[in-house]
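Novice: Provide a 3D model corresponding to the input given below.
(chains A and B)
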Amino acid sequence: MSVTASPRPDQRPVRSGRTVRIGPGSASLRWRDVAVPVVTLAALVLVSAVSMGRGDFPIGVGDVLRTLVGLGDGPQEFIVLELRAPRVVVGVLVGLALGVAGALFQTFARNPLASPDTLGLTTGASAGAVAAIVLTGGTSPGAVLGGLGIPAAALVGALLAGLLLFLLTWRAGIDGFRLVLVGIALWSVGNALIDWLLTNAEIYDAASAYVWITGSLNARTWDHAVPLATALAVLLPLSLAASRTLGALQFGDNTARGLGVRLAGAQTAVVLLAVGLVAFAVSGAGPIAFVALIVPQIAVRLTGGSRPPLLASGLMGALLVVGSDLVTRTVLPEALPVGILTAAIGAPYLLWLLVRGRRRSTL
Amino acid sequence: MTIETDLAPTAAPTGRVRLAAEHVRLAYDERVVVDDLDLELTEGSFTAIVGPNGCGKSTLLRALGRLLRPSAGQVLLDGRAIARTPTREVAQVLGLLPQTPIAPEGLTVGDLVARGRHPHQSWLRQWSRDDEAVVAEALSWTDMADLADRPVDALSGGQRQRAWISMALAQGTDLLLLDEPTTYLDLSHQIDVLELVGRLHAERGRTVVVVLHDLNLAARYAQRLVAMKDGALVASGSPHEVLTEQLLADVFDLEARVVPDPVTGTPMVVPVRRLR
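Specialist: The predicted model follows:
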């Protein structure tokens, strides 16, 4: 690996990053593009280990890590791998998917407000799940939440909302602004549907539907993690591969086309990838609020680039979900669904974004 | 100091047609803006498209740059239908600068100009030695090297336009289409930008097509003027042939005197009053 600052010492470096060339490959990387994901990953491993150690039977971080690499004793292995790991793994996968999806949407729409929350995708998933809970009627919360019926309904709901979003936005291409407007319309239609379903629901169904809408990692098993992991194994590499094209799309349709981007194909691919990521994430843990909205914006401030970094956004999404889950389970007096905490962090942040946006436009 | 790269000048004018519109009809939805228009642009030429607001000149430029697909007729790039040529191949030959390009917030000038290499890069090869040399030269050629690490949104209007032209230069295309590159610039920066484009043509052998509002500047910098009115091509030729008092009356509804520019001798329009 050769790292060269500049081939000509008499000239200043051209790009903001350092040139990295390995064999036929080459790229311009800024150190923060590498440091932020690495530090986030380390923090994620630590928080995950702490989370797996906390519970009625506390286990130290060292023992958790030993157990994870196969060196634990019998009871610890059972508690960590069978009881606690699925919850954390689902949290990591959901956070990854939401973070990357948020970064894709925000870059594509050139709008920090574009996220699965504001575009109606999570609302679509909620409507699907609530319909499944309410319309199947009378099923006990445990039985419904344990089965895969609700995740499947949520997946279908999110994909339907995504399809509608795509079809209603498409006019020989996708305009980012139009995407946000159509998304807001879908969001309110979905909410009206949810309200209608809840109004007509039995009280117990309504309560269990409400827990689902908040987004929770309670009672997750490996059965939840496997489909999510499979979907991400396909969607995440594709998203990262789209990063270069996304960089060109950021310049607006005309310039992107001028640079040789096949516009319609690229736009379709980016939106479908983001919708797919959100659909699987939401079916895994419910619509954990605002993760996809705030994480890419924090990530872009940390890396200091011109657009939300995909990998760092994903890792920070995972850290936020797992960290919030840990806080709701241990620090708060009552065990609350994780979505309440992310919403409590996210809503003020959204307001701050809006206020800041207005200040800037009046300058 | 010059570095030999593939930015190097292309051949002198040969008369070979590089870009052509054949019977094109251009429409937005149902509204036809340009109908049955023919235009040929030869290798090494510098053409300015002029005409009153709404005459379809920007629409024509968009079609030439395959941003707008003709509803009838076709645009040919080197004799091949541009609509059926892979857009990446087009992007290696034809560069375009839209009227108000958008730069992402916080992007540095160097990274912007580097983006011009997009059609020459792949997922694996994102920043080759060639790319670096070409971008460095494009920056210094446009006098932007010292500003390479500045964010584009912190530049003045004139500097920003230079940065975009630098990006188009880094793309390394023989053909360059510019849509009103002098919009929103004061006179001295208009001259600055057009001098730069003129040098791209003269020193780099670029085939240039530019949409311009200012007739005097168009006559001064372009070799050929194309005048449009109501979506049709009204006149085409050297500035002397096109910029006549009769044409100004017909196309611009303007009574005017045409006198020789005291600096360059090219025709200069002195307006008298609007007709009708």
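
Novice: Need the three-state assignment for the closest residue to chain A within chain B.
Specialist: Relative to chain A, the nearest point of chain B is residue B:91 (2.9 Å; C-beta to the nearest C-beta). Every residue, glycine included, has its C-beta placed from N, CA and C. Following DSSP: H, G, I helix; E, B strand; the rest coil, we place residue B:91 in the helix state.

Novice: list the contacts for it?
Specialist: For residue B:91, the contact set (C-beta atoms under 8 Å, 6 or more residues apart in numbering or on different chains) comprises A:258, A:259, A:260, B:118, B:119, B:171, B:173.

Novice: Spell out which helix or strand contains the nearest residue to the last one once chain neighbours are set aside, please.
Specialist: Pointing back at residue B:173 there. Nearest residue to residue B:173 in three dimensions, chain neighbours excluded: residue B:95, at 3.9 Å (C-beta to C-beta, 6 or more residues apart in numbering or on different chains). Using DSSP states H and E, residue B:95 falls within strand B:94-97.

Novice: repeat for residue B:161
Specialist: Going by DSSP H and E, residue B:161 is part of helix B:157-170.

Novice: Neighbours of residue A:330, how many?
Specialist: The tally of other residues near residue A:330 (other C-beta atoms under 10 Å in any protein chain shown) stands at 12.

Novice: For it, give me its contacts.
Specialist: So residue A:330 contacts residue A:54 (C-beta under 8 Å, 6+ apart).

Novice: Can you give me the pLDDT of residue B:6?
Specialist: On the pLDDT scale, residue B:6 is placed at 51.

Novice: hmm, back to that, okay, buried residues for the helix holding residue B:161 please.
Specialist: Across helix B:157-170, burial judged by 16 or more other C-beta atoms under 10 Å in any protein chain shown covers B:158-170.

Novice: remind me which residues of the chain are low pLDDT?
Specialist: Defaulting to chain A. A:1-12, A:137-148, A:354, A:356-363 (pLDDT under 70).

Novice: Chain B is the one I meant
Specialist: By pLDDT under 70, the low-scoring segments of chain B are B:1-14.

Novice: quick revisit: would you mind measuring from the residue nearest to residue B:173 to residue A:219?
Specialist: Residue B:95 sits 57 Å away from residue A:219, going by C-beta to C-beta, to the nearest Å.

Novice: of the two, who's got more company?
Specialist: Under the criterion of other C-beta under 10 Å, the comparison of residue B:95 against residue A:219 puts residue B:95 first, with 26 against 12.

Novice: which parts of the stretch 151-300 of chain A sit against chain B?
Specialist: Residues of the stretch 151-300 of chain A lying close to chain B (C-beta under 8 Å from any C-beta of the partner chain) are A:241, A:244, A:247-248, A:250-255, A:257-263.

Novice: Can you list which of these are found in strands?
Specialist: Assigned to strands by DSSP state E, none of these qualify.

Novice: Now restrict these to buried residues only.
Specialist: Applying 16+ other C-beta under 10 Å to those flags A:244, A:247-248, A:250-255, A:257-261, A:263 as buried.

Novice: which of these lies closest to chain B?
Specialist: Using C-beta to the nearest C-beta, those come closest to chain B at residue A:260, 2.9 Å.

Novice: Verify the contact between that closest one and residue B:93 for me.
Specialist: No - the pair residue A:260 and residue B:93 fails to qualify as a contact (C-beta atoms under 8 Å) at a distance of 10.1 Å.

Novice: Distance of the residue nearest to residue B:173 relative to residue B:259?
Specialist: Distance of residue B:95 to residue B:259, computed by C-beta to C-beta: 36 Å.

Novice: Pull the residues that contact stretch A:21-28.
Specialist: Against stretch A:21-28 from outside (C-beta under 8 Å, 6+ apart): A:1-2, A:4, A:15-20, B:111, B:114, B:124-129, B:131.

Novice: rerun at 10 Å
Specialist: A:1-4, A:13-20, A:33, A:244, B:110-111, B:114, B:121-132 (C-beta atoms under 10 Å, 6 or more residues apart in numbering or on different chains).

Novice: Buried among those? Need that as a selection in PyMOL.
Specialist: In PyMOL, this line selects whichever of the contacts of stretch A:21-28 come out buried by 16+ other C-beta under 10 Å:
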select buried, (chain A and resi 13+14+15+16+17+18+19+20+33+244) or (chain B and resi 110+111+114+121+125+126+127+128+130+131+132)
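
Novice: returning to that earlier point: which neighbouring elements make contact with the helix holding residue B:161?
Specialist: The contact analysis (3 or more C-beta pairs under 10 Å, 6 or more residues apart in numbering or on different chains; DSSP states H and E) places helix B:157-170 against helix A:253-258, strand B:94-97, helix B:109-115, helix B:129-141, strand B:175-179, helix B:187-204.

Novice: still on that earlier bit, can you name every helix or strand that the strand holding residue B:95 contacts?
Specialist: Checking 3+ C-beta pairs under 10 Å, 6+ apart, strand B:94-97 ends up next to helix A:253-258, helix B:57-64, helix B:157-170, strand B:175-179, strand B:207-211.

Novice: can you rerun that using 8 Å?
Specialist: helix A:253-258, helix B:157-170, strand B:175-179 (3 or more C-beta pairs under 8 Å, 6 or more residues apart in numbering or on different chains; DSSP states H and E).
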